[in-house]
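Asker: quick check, what structure comes out for this input:
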Amino acid sequence: MSLLDLLMEQNVAEFNAKRGQRVTLDLFAADLANLSLAGVDLSGANLEKADFSGTDLTGANLSKATLVGADFTGAKLRGAVAIKAKLREAYLGGADLSEAELGGADLGEADLGGATLTRARLHGAKLREATLRGAQLDHADLGEAKLNSADLQSADLLGALLREADLSGANLDAANLEDADFGAARLGGATLRTARVIGAKLEGADLSGADLTGAVFDHTTVFDGADLTDTVLDEQLSDHIHGGIRPPPAVAQTVDIHVDDPAVAQSLGRVGVLWPNAEGDEDEVFRLAIRDLGTRPGPRDADGTAHPVAVDASTVRARALLPATGGFLVVFLVEKPGGTDLVVFEATAEGIVGSGKTIRLGYTPAVLPNFVADGDGFFIYGIGRGLLSVHRWGPAGLAERLRAPASTIRGFCDRANPVVHSKGGTIMVIEPDGIGRAVTAPPDFPGRRFAAGPVSTEEVGIAWVKPEEKGFRLMRLGRDREPMRVDAGQHVGGLDLRAVDGGWWVAWTREPVADRDLSMAMAAFLPGDGDLGKPFPLLTGDDAEDVEELAFVSGEGPVRVACVTIDEALLVVELERDSARVVARVGG
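Answerer: Numbers count the residues shown, from 1 in each chain. Next up, the predicted model:
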């Protein structure tokens, strides 16, 4: 009888005896569901993708076994030994692992939702991005465990040991952390909203950028020596923290500036620039630079300072910089276990960045969303789960304004304006309370580069670059019968469009023809009626530079264009009808 047959016959004693002969055991994808295998010795076996659902493995030996993708749903593993077992992406939902030995096991991306791990020993275990939502982990040993980005929402960690564990970016919302020991643990960027932290020991823990909004605490909660840099705290909790290091708001730092893919806005006579700055060993730090507008800058950035923003750049899915009544709003969509968080920092016109406010978005955008400023808040236009959603963020929180089917919508036509392109070649303007009339676009739109600017829900200007064609096309939908060809003799790189009173501004880059030529930033005005104005360069004379990308600056005020140079500097150019002037500079 084969070893597999012995298992199927639930003859554990004879199976273990044969295992004593050191027989190689390869049971890839074996179906061992709903069996009684208490005390079985499966150490070192290859059981990848095996099915143990509902099986009794009480006291089993699974040490160093390969169990990647195995299914233990509802299994009994009480007192089992799985030291250094490979359980990546395994399914352990609802399993009983009470008092199990899992030291050094690899449970990365495993699903332990609702599992029971009371007094389990997981010292040094790897649980990166694991799902432990609602799991019972009371009095478990998770010292030095790797739980980065794990989902522990509503988990019970009463009296658990997590000293020196890594919970960076983990979700501990509504978790019971009473009497848990987080000494010297890393919780940077973690969320502990409404978590119960009565009696929790967080001395020396790194809570930088963590969110403890609504956390339940009392005088027994210990924060001695904790790093609370940019930690989100309720006022009451902030006032009662003992020994926590809470530094003043981040100050501007003089750094080597490398502007790339920036978000640019103007507010209260100043311009703000947000971008991921390359620093150190290819690490990126989001920086916010604030500069005065209206005075001519020198050939180099006289200020040279930029404020760090407390967000993990590697988790950012989308970002925006928006004008606000008090200065600027720095907005991020951050990927977290189980969903996408909206993180908002308020920044003054002087560049002082406050603490971030975090709230769960409720869906994961399928395409990059659209952010539009609105007084002291902003609208988020997003597409996900087959739906078009519009939310408004303000000081009171996040509120849904619109939800509509989006099965035919391909995406947004512009990163600054909520205009969507649908199957069938139609374009629609989205407003907070409804969707505008569908307008037919040319069949070759959107091409390889495109932009759209609505004057109203029924009047939209579009610009696009056709593949393998020089120049670009420009059209006023509903007015023009045929698109205009612009700069037809030149290769076009960057392209942007902005609707204003009386028409549209369009800006683009002419790619160099010869090696010594510069990539030139150009602009022209298209009135609501009439012909396109004469194109003119944005940077001339001493200001002439090689421009890699450009975009219109968001916010009320004169029409301005942000130009990023090949030297990773940014110039802000103010437009008039047939000329331009540089009014601010960052880097260079």
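
Asker: would you map the helices across the stretch 451-588 of the chain?
Answerer: Listed in chain order, the helices of the stretch 451-588 of the chain (DSSP state H, counting those that start in this stretch) amount to none at all.

Asker: could you list the low-pLDDT ranges of it?
Answerer: Across the stretch 451-588 of the chain, not a single residue meets the criterion (pLDDT under 70).

Asker: what ranges do the strands span in it?
Answerer: When assigned using DSSP state E, counting those that start in this stretch, the strands of the stretch 451-588 of the chain occupy the ranges 459-465, 472-477, 484-486, 492-500, 503-510, 520-527, 536-537, 547-552, 560-565, 570-575, 580-586.

Asker: nearest to Val259, of those strands?
Answerer: strand 570-575 (4.5 Å; Cβ to Cβ). From N, CA and C alone the C-beta is placed, and that goes for glycine too.

Asker: quick one: work out the angle between the closest one and strand 560-565.
Answerer: In terms of direction (axes from the mean of the first three to the mean of the last three Cα atoms, to 10 degrees), strand 570-575 departs from strand 560-565 by 140 degrees.

Asker: how close does Leu329 sit to Leu571?
Answerer: Separation of Leu329 from Leu571 (Cβ to Cβ, to the nearest Å): 24 Å.

Asker: sorry, back to before: and the strands of the stretch 451-588 of the chain: which comes nearest Phe28?
Answerer: Going by Cβ to Cβ, the one of these nearest Phe28 is strand 547-552, 50.3 Å.

Asker: any residues touching the closest one, and which ones?
Answerer: Applying Cβ atoms under 8 Å, 6 or more residues apart in numbering, the external contacts of strand 547-552 come out as 261, 264, 415-416, 493-494, 496-498, 505, 507-509, 518-521, 538-539, 559-566.

Asker: what is the neighbour count of Leu4?
Answerer: Look at Leu4: counted by other Cβ atoms under 10 Å, it has 15 neighbours.

Asker: list the buried residues for stretch 131-150?
Answerer: 131-150 (16 or more other Cβ atoms under 10 Å).

Asker: and Ala45, what is it in contact with?
Answerer: Going by Cβ under 8 Å, 6+ apart, the list of residues near Ala45 reads 25-27, 65-66.

Asker: which one of those sits closest to Ile409?
Answerer: Closest approach to Ile409 among the contacts of Ala45 (Cβ to Cβ): Thr66, at 44.0 Å.

Asker: and that closest one, bridged to which residues?
Answerer: Here Thr66 sits in beta bridges with Asn46, Lys86, going by DSSP bridges.

Asker: I figured it hits Arg88, correct?
Answerer: No. Under the criterion of Cβ atoms under 8 Å, Thr66 makes no contact with Arg88, lying 9.5 Å away.

Asker: let's have the strands of the stretch 451-588 of the chain in TSV, adding mean neighbour count.
Answerer: Rendered in TSV, the data for those read as follows (neighbours: other Cβ atoms under 10 Å):
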stretch	mean neighbour count
strand 459-465	25
strand 472-477	22
strand 484-486	17
strand 492-500	22
strand 503-510	24
strand 520-527	22
strand 536-537	17
strand 547-552	22
strand 560-565	25
strand 570-575	23
strand 580-586	23
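
Asker: in contact with the spatially most central residue of the chain, which residues?
Answerer: Nearest to the geometric centre of the chain sits Val334, at 2.4 Å (Cα atoms, centre = their mean). With Cβ under 8 Å, 6+ apart as the criterion, the residues that contact Val334 are 311-312, 315-317, 340-343, 358.

Asker: tell me the contacts of the residue lying closest to Gly587 once chain neighbours are set aside?
Answerer: With Cβ to Cβ, 6 or more residues apart in numbering as the criterion, Gly587 has its nearest non-adjacent residue at 3.5 Å, and that residue is Ile257. Shown here is Ile257, whose contacts under the criterion Cβ under 8 Å, 6+ apart are 277, 287, 289, 301, 304, 306, 568-569, 586-588.

Asker: list just the nearest of those to Glu469.
Answerer: The nearest one, if we look at the contacts of Ile257 relative to Glu469 and count by Cβ to Cβ, is Glu568, at 29.5 Å.

Asker: neighbours around that closest one, how many?
Answerer: Based on other Cβ under 10 Å, the number of other residues close to Glu568 is 18.
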